Structures are given as C-alpha cells and as structure tokens.
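# for reference, the sequence and a predicted model appear below.
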Amino acid sequence: MRYVQSLLFTLFLLLVLGSGAAYIVYQHYASDLPDFEQLADYQPPIMTRVHAGDGRLLAEYATERRVFVPISAIPPRVVQAMLAAEDREFFTHGGVNPAAMVRAALQNLLHVGQGRRQIGASTITQQVAKNMLLGNEYSMARKVKEAILAVRMEQALTKERILELYLNEINFGRGAYGIATGALVYFNKSVDELTVSEAAFLAGAVKGPTNYDPARHYDAAKGRRDYVIDGMAKIGAITEAEAKAAEAEPIVLKKRDETQVFSAPYYTEEVRRELLQRFGEDRVYKSGLSVRTSLDPILQSYADKALRDGLVTYDRRHGWRGPVNHLDLAADAKGWQQALAAVPMPGGAAPWKLALVREVKPDAAEIGFADGTTGTLPMKEMEWARPTTDDQHVGASPKTAEQVVKRGDVVLVEAIMTEAPAVKPAAKGKGAKVAAVEPAVPPPPPTFSHWALRQIPNVSGAIVALDPHTGRVLAMDGGWSYDTSQFNRATQAYRQIGSTFKPFAYLAALDNGMTPSTLILDDPIELEQGPGLPMWRPHNFEGGEAPGPQPLRVAIEKSLNLMTVRMATTIGIDKIAPYIERLGLMDKMPLLYAQVLGAGQTTPLKLATAYAMLDNGGKHITPSLIDRVEDREGKIVFKHDTRACPRCGDYAWGADGGVPSLPDEREQVLDPATAYQMVNIMQGVIQRGTAASSVGSFLKMPLAGKTGTTNDIFDTWFVGFTPDLVVAVYVGFDTPRTLGRQEQGARTAAPLFTEFMTDALKDKPAVDFRIPPGVRLVRVNAATGQLAEGGERNVIWEAFKPGTEPSPSDQVVDGGGIEPGSIGDVDQSNPPMDDQSASSVGQPQQLPPPGAVAGAMSQPGNGGLPATLGGAVPPPPQAPTSASPLPPPPRPATAPSTGTGGLY
C-alpha cells in the first residue's frame, strides 16, 4: 500500500512539475508570438496586371504567381482531395492532432538510424501558422510556437477561413502559388474544371513539388496521387469505382495558355519601370494592382510592322552578311536534320525559320528543315543579297545562287504567302444594273507560294506615337527585338537629332521679328570657335553653290543649314535656348551655334512630345503611358488626368442638353500664332520639301513634319503629325557609325512614318490643322515669299501675324543683325492684297503668362480642348483660275478633337 501511495505521489509530483514546466514553456514562447488575428483580414500577394487602353492584357508582374479564389468558389472535391492528402481530421481537431503526433513519433522512432527525414504531424492550421506567420525554420521552438498559434487560430477563425488561406497560399511548384494558379500551370484549367485525378495530383504535390513533378519523377508523382485518391475514398469523398477509374488515368500535363492577349514588350517594360518608381517593388509585385495604359493595340501593331519592315528594307539595301552557320556535309550525309536542329535560333528571328542549303543550282537553292521537310529558295528572292563591304557599301548584284549560298549553309528563310483575289459573282438577270451585283465573295485564306532569303538587321531604331492634346503614348517600339536587347531606343537612346531641331530654332526667329517670308541669305558663312580652333564653316547637306536670299519657309522645307546659322547669329543663340528647354528637348541647351543644326541629343519620345506642343497650339503636355492604377479593391490610386469634373458622375447630365466640360489646365508655353506658323511651314516640308517624295507623294491629307540627318549620316529621323496624332521615327546603329552615303532622314526614316500613317489613317476623315485667332492667311509666292501676283502659279497660303505681311522694303537677313522695324512693318493704312485674315486683327500676339489661355482658346470643351476655335474668314467665293491654281486656304475645325486619339 505504501508502495502504491508512493507511486501515486510520484506521478502527481511529476504531473505538477510537468504542468509547471509546460506552463513556463508556454509563457516563454507565447509571449512574443506574432499577431494571428491579422489573418482574419489577410490578403495574400497577388499579381499586378497591365492592360491596354481597350482592356487587353499586356503583362503580369509578381514574385508569386497567384490568383486568389474564395473558399465558396473552390469545388468540394478539390477541398476533400487536399484534406485526404494533408489533414483528414481537419474538421474535428482543435488546431493540433495529438493522435497524429503520437503516430508520427512512433514512426520516427522506428526509422532512427536509417537516414530518413523525420515526418511531422502538422495539421493544416499549423501549416498556415508556419507559412504565414513563422517561416520555415526547422526547430523544436518553431514547432511549439506553431502548435500554440494553431490552437489560438482555431478559436478565432472559422475552419472555412483557415482552409481559404491555406488553399490560396501554398506553393505547387513551377512558380504557381494557390490552387487556382496550380490548376492553370499544370492542366490549363480553372479550378472548377479539375477531375478527381487532377485534384488528387495537386493535393499530393504540396508535400514536395519538385519531388513529385511528373516531368521529372513520373512514378513518384503517380504513386503520391494514387495515395491521395485512396484517402479520398476512405473519407467517403468518392466511391471505390471512382477511385479505381481515377487511378487508371495517366497524369497528362497541359501547357498553360499565354496570359498575354497582346504583346508590346518595350512599352510594358517602360510601364514597369514607372510603376516601380511610383509605388515601390513590394506593391508592384505583391499587391495586385490593375494598371490601365494608354496603349492602342491597333496602332501598336502598325508601329511594330512599320519599324520591322523599315529596318529590313534598309538592311537589304546594304547587302548580305553571310549565313547564320555552316555545317560540313559529306556527299551522302545523313543526320542533317539533327545537325540543323542543334543550331540555335538567332534572337529576334521569329517568325522566320532556319533552313539548311542541301544543294545549289544556278537559279535556286534546295533547302531542308529540321522536321525533314524540304523546299526551294528561288534566285529572285536572293537578288538583293549583294556582298557587303566597309562603310555600308555593297558589291555587285548576284547573278546566280552560287554567288550567295553554298551547300551546308544554314540560313534564315521566310514563307511567302499568296492571297487569292476576291471573286465577284455576276450580276443577276439579263441587263442587271451594277448596283444589283451581290457583295464580293470573301477571298480564300492565303496559300504558300515559296521561300525567301532573310537576315536579321544589324541596324536598329524606334517609333513612338502619341496624342498631342493629352500626351498619351498610343504606341511605342524601341527596337528590332526585345528578346535580344531590352534597351528601349524610344526612351533611353539619346542621339543627335539633326535638322528635326530647326523648327524650334525658328520659333525664336518668328517671335523676334521674322516671318515665314523673311529673306535670309543662303551663302557660305564662317564663325570663330575659340582660341586655337579652326573656323567653323557649316554647309548645306547637298553642297554646291548657294542660291542667295530665300524665304525663311524654304530654309525649313529644304533643311538649309547656311540660312539657319545666319538666322541664329542674327537673333542670338541665347534667344533660342529658352524654347528648347521650355519644350523639354534638353534640360540645359549649350549656347553653341552648332546646336541649331541638331548637334544636341535627345530621345525620340522627348522629340515627339516637343512636336506635339507645336501641333496643339503651344500647350504644355507631359508624355504618359499609364492612364490610371487601381488597387486590388478597385480604388483608384493614380490617375494621369487629375482634372476635376463635378458632373461626370451625374448620369442625368444629358437632360439639360449639355455634356460635362473639363477645364483646360495645360500651360501655354508658345504663342498659338507662332506655333501655327511653324505647323503651316512644316506642311510645306511634305508638300514641296525634303519629305515630298517619301511622304507627300503617298499621303494626300493634312500632314506636317520634318526630316533629320546628322553628320556623317550616323542618325536619321522623321517626325510627322496630323492635328491629332504625332509620330517620331529614328533609325541608326546602337554603336554610332555611318548608315551609308546615300541614306538620310527622307530615305531611311520617313518611309516608316509613311507606312505607319497609311495604316493608321485609313478610313479616318481628313482634318485640317486648327487656326488660332490672330493669324492672317495671305497669298504669297512660295519661292520668293512676296505677295502673289494674279498670274503666278507657285502660290501658297502663308500664315502671318497681323501687320507683318511681306513688303518689298523688308531687309535681307545676312547674319549680322537687323534694324528694328525693318521686317514685317505694321502698316494698317496699306492692307495686304488677297489675304484671309482671322477674326482678331491687330498687333502680333504676345505669349500669355504661364497657365493663361489666349482668345477663343479659353473656352473649355470636351476632353479639355477648346470648345470654340478661332477661325479664318472663308476664302473668296470665286474659284481659282487656271492661271492661279491655288487651293482654298485651310479652314479651322468646326469641332474640337476629344483628345483621345479618335482622329489621327
């Protein structure tokens, strides 16, 4: 009896001591546990998604690719599969499972000394505590904390909430986090489409995604899946028959569809950089932002095609640089398919294919592909492949295929497709009218014609299109291939801009006494550069004899350097620099006369933005790629357009017959009359000047623009615009070197603009450039700048500020300064002949103070544009005579653009 009492006392003492020790341990570890109550409102990291302006998905950014799915949307069988794999007693235990812990402890004892990793008995609740609050440290202290937190969580959260957190948090491997993303990555299905077999596989993979990846360890993956299926049958989730059928199914993985609906990698990378700068890395990659950009997918596809076609066209003019590779083939070589398949595809080659030249004939080459198919490369598709030499020169055109390729060469080829013309059915009935003919039958799909030789251009370039009224960037392509170079030449390439600078220099001239008809001497000039330096002797691009005085307009239309330098020396370089800085071309322009010929550097995007401010009447804009950003709950956290619109949320605004108006808050940085004068001059660049053959002869609509070519033809440019769309094109080598002696902006860059605008403007109505108040349109001789006589033919409508019309007594600018009042004298007693004047007549307009809006431009309209645009008096009713074929002057627009890129 005493023995029994002693034993009981000992047990009691041990119990007390154990309880005390457990309490001490509990207090020790419970004192600094993380706050589990945050899990009640916990939101796991989810992807940020970037959308185009029309809603198409462009990109996803995430450290953990996850789509959050509420527990109510997860099918019961998926939940049951997870319970069968991880925690069959989940709905009956209180956070920890003592019975499972005992079983695990016994099993671990049996495996002592066998080198096996000890198994755990963690419940799903404990796994949530570990994954979301404690981390993956493997220690006894972490296990104790895990158990304490699990019990507390069970008391504070529902079982459904704990399951929801678990199913959306767990890692399934292959970068997939959460059950919804796991279903997409492994089976390309939504979670509600999973079969029993697929749900069991995903549940089993949680234990070790790498160890149970079917692509690497199929047998282990199938064994683990079947174990889960058996567990589902044991807990009554499926029948035995369903279990047998599921186990008989193989594990068939399906590649996930591309999430991108539209691809614009240079654009989306620029968006990513801006998001990181604005919101920080954690918020961009984890908070599930929804980003709506200004990108127009249709215009972007036109830009991509125009840049690609333009670079290929240039590259082909400069010859063939040889095959991608060469394989040594014996006369009866076998296994050429495997050898060809081992040749890596050059970056940026898609959608072209690699082909092996198997036999060469005089008029063609027989080629083969890695899949065993063969084809013919005809000589007509190799005629361009002249041998390239130094400094972009080329040799003679090849006459036979042997002069281009050899047997064993690996080359890039493109499949040329032929489109069959639509067939018009005959008119019904005898003598039927043309109007009765049925619509044309849609043509059949294109069919394969032949193969063509291709090579990846070693030249690069950029194209950017934006809305001049808002600064919204509608399209951007920064190079040939983002896969081979992530350098965005539209935003990161600072290159000399050549003659595209000249319009901004002449803005200063127009605001300092000159007019479009001012005569400037086009004769050689030399300037001192400083002690010890030779004289600077600029010359015109074409060289040759200078023709003497010519109108200022001609200097821009024909891009004459000598006139530009004389203009700059007349007004002073210090008068030009503020315009350049105000328009954002450069932060600080060096006060060097070489700058007026384009020696300065800027990016295509900055250049397009500066031209946009000419186009929109001198209003300041900031280029933007992001329209708005919303958080995961739909709250707007960033907006590009921050103007207040009190009535925009009032859906009854239509009752009073008027739409909500937005204030025009754009700063006026140029005199609107001066800006229009320059736009009017640059229309002449396309109609008669350097871009007439490459742009004007193809596009018959109101367009303005300017070519640009730098010294030694290192960089070529064209910037052109309509009243509602500005496009800048740049072409050059990344490491500056000459593009070739015959290349220039009109030949190399302008055709890209023409191709883009041909597509962008099709089916769009022509819109004239808007004329601000305070501008007179006067008939002048385009060659002399003087008022037009009755029988002259070379007559244009020139834009003047009232009182500055040309006079025979005007002084010729020779670069040595001008006398006050000697250009464009104000003489209201002798009004000009045959003029079209704006409604506001008087002294030339002065630049309003920052933020002010002049004249009729102050009336707000939809989209922040003027509701009433000052206009010119209509032209005289008489039609032009045959001796004076001058068309009517441009009319002001009858309604403002909405500024959303609707009209290009």
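Received, thanks. Numbers count the residues shown, from 1 in each chain.
# which helix or strand in the protein has the lowest average pLDDT?
In the chain, no helix or strand scores lower on mean pLDDT, DSSP states H and E than strand 835-837, which sits at a mean of 36.
# can you pull out the strands in the stretch 251-400 of the chain?
For the stretch 251-400 of the chain, applying DSSP state E, counting those that start in this stretch gives strands covering 290-293, 325-326, 353-361, 364-368, 374-378.
# what helices or strands is the longest one leaning on?
Contacts defined by 3 or more Cβ pairs under 8 Å, 6 or more residues apart in numbering; DSSP states H and E place strand 353-361 against helix 336-341, strand 364-368, strand 374-378, strand 409-418. Where C-beta positions appear, they are placed from N, C-alpha and C, glycine not excepted.
# can I get these in a markdown table with distance to residue 45, mean pLDDT and mean neighbour count?
Converted to a markdown table, these look like this (distance: least, Cβ to Cβ, whole Å; pLDDT from 0 to 100; neighbours: other Cβ atoms under 10 Å):
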| stretch | distance to residue 45 | mean pLDDT | mean neighbour count |
| --- | --- | --- | --- |
| helix 336-341 | 40 | 91 | 15 |
| strand 364-368 | 49 | 95 | 21 |
| strand 374-378 | 50 | 94 | 17 |
| strand 409-418 | 42 | 93 | 17 |
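# out of the ones you listed, nearest to residue 88?
Residue 88 lies closest, by Cβ to Cβ, to one member of these: helix 336-341, at 49.4 Å.
# how about the closest one as PDB, C-alpha atoms only?
What follows is helix 336-341, C-alpha atoms only, in PDB (Å, rounded to 0.1, in the frame of the first residue of the first chain):
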ATOM      1  CA  TRP A 336      21.400  16.600 -91.300                       C
ATOM      2  CA  GLN A 337      18.100  17.100 -89.500                       C
ATOM      3  CA  GLN A 338      19.700  16.500 -86.100                       C
ATOM      4  CA  ALA A 339      22.600  18.800 -87.000                       C
ATOM      5  CA  LEU A 340      20.300  21.500 -88.100                       C
ATOM      6  CA  ALA A 341      18.100  21.100 -85.000                       C
END
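# name the surrounding residues that touch that helix.
Here helix 336-341 makes contact (Cβ atoms under 8 Å, 6 or more residues apart in numbering) with 327, 329, 354-356, 358, 368-372, 410.
# out of the residues you listed, which is nearest to residue 804?
Among these, residue 354 lies closest to residue 804 (Cβ to Cβ), at 64.2 Å.
# okay, now the closest one: neighbour count?
When neighbours are defined as other Cβ atoms under 10 Å, residue 354 has 20 of them.
# name the residues that touch stretch 185-199?
By Cβ under 8 Å, 6+ apart, stretch 185-199 touches 65, 69, 73-75, 77-78, 81, 172, 174-176, 179-180, 183-184, 201-202, 225, 229, 232, 238, 242-243, 245-247, 249, 251, 253-257.
# pick out the most distant pair among the contacts of helix 336-341.
329 and 371 (17.8 Å).
# list the contacts of the residue nearest in space to the middle of the chain.
Central residue of the chain (Cα atoms, centre = their mean): residue 267, 2.2 Å from the mean position. Taking Cβ under 8 Å, 6+ apart, we find residue 267 in contact with 58, 293, 295, 300, 473, 475-477, 625.
# want to throw the residues you listed into TSV with neighbour count?
Shown next, in TSV, are the contacts of residue 267 (neighbours: other Cβ atoms under 10 Å):
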residue	neighbour count
58	23
293	27
295	28
300	24
473	26
475	28
476	29
477	26
625	25
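# any idea which of those residues is the one closest to residue 213?
Residue 213 has its nearest neighbour among the contacts of residue 267 in residue 58, at 29.9 Å by Cβ to Cβ.
# the more surrounded of residue 329 and residue 371?
Neighbour count, other Cβ under 10 Å: between residue 329 and residue 371, residue 329 has more, with 16 against 9.
# look up the pLDDT of residue 23 for me, please.
For residue 23, the pLDDT comes out at 53.
# in stretch 604-624, which residues are buried?
Buried positions in stretch 604-624, judged by neighbour count with 16 or more other Cβ atoms under 10 Å: 604-621, 623-624.
# err, stretch 237-244, not the other one
For stretch 237-244, a neighbour-count test (16+ other Cβ under 10 Å) marks 237-238, 242-243 as buried.
# can you pull the poorly scored residue ranges out of the protein?
By pLDDT under 70, the weakly predicted segments of the chain are 9, 16-42, 100-121, 130-146, 331-333, 420-443, 543-546, 651-657, 817-904.
# circling back to that earlier point, okay if I get the buried residues of stretch 237-244 as TSV plus secondary structure and distance to residue 541?
Listed next are the buried residues of stretch 237-244 as TSV, based on DSSP: H, G, I helix; E, B strand; the rest coil; distance: Cβ to Cβ, whole Å:
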residue	secondary structure	distance to residue 541
237	coil	81
238	coil	81
242	helix	81
243	helix	82
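# make a markdown table out of the residues you listed and add distance to residue 568.
Below are the buried residues of stretch 237-244 laid out as a markdown table (distance: Cβ to Cβ, whole Å):
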| residue | distance to residue 568 |
| --- | --- |
| 237 | 84 |
| 238 | 85 |
| 242 | 86 |
| 243 | 87 |
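# got the buried residues for stretch 726-734?
For stretch 726-734, burial by neighbour count (16+ other Cβ under 10 Å) applies to 726-732.
# residue contacts, residue 558?
By Cβ under 8 Å, 6+ apart, residue 558 lies in contact with 689-690.
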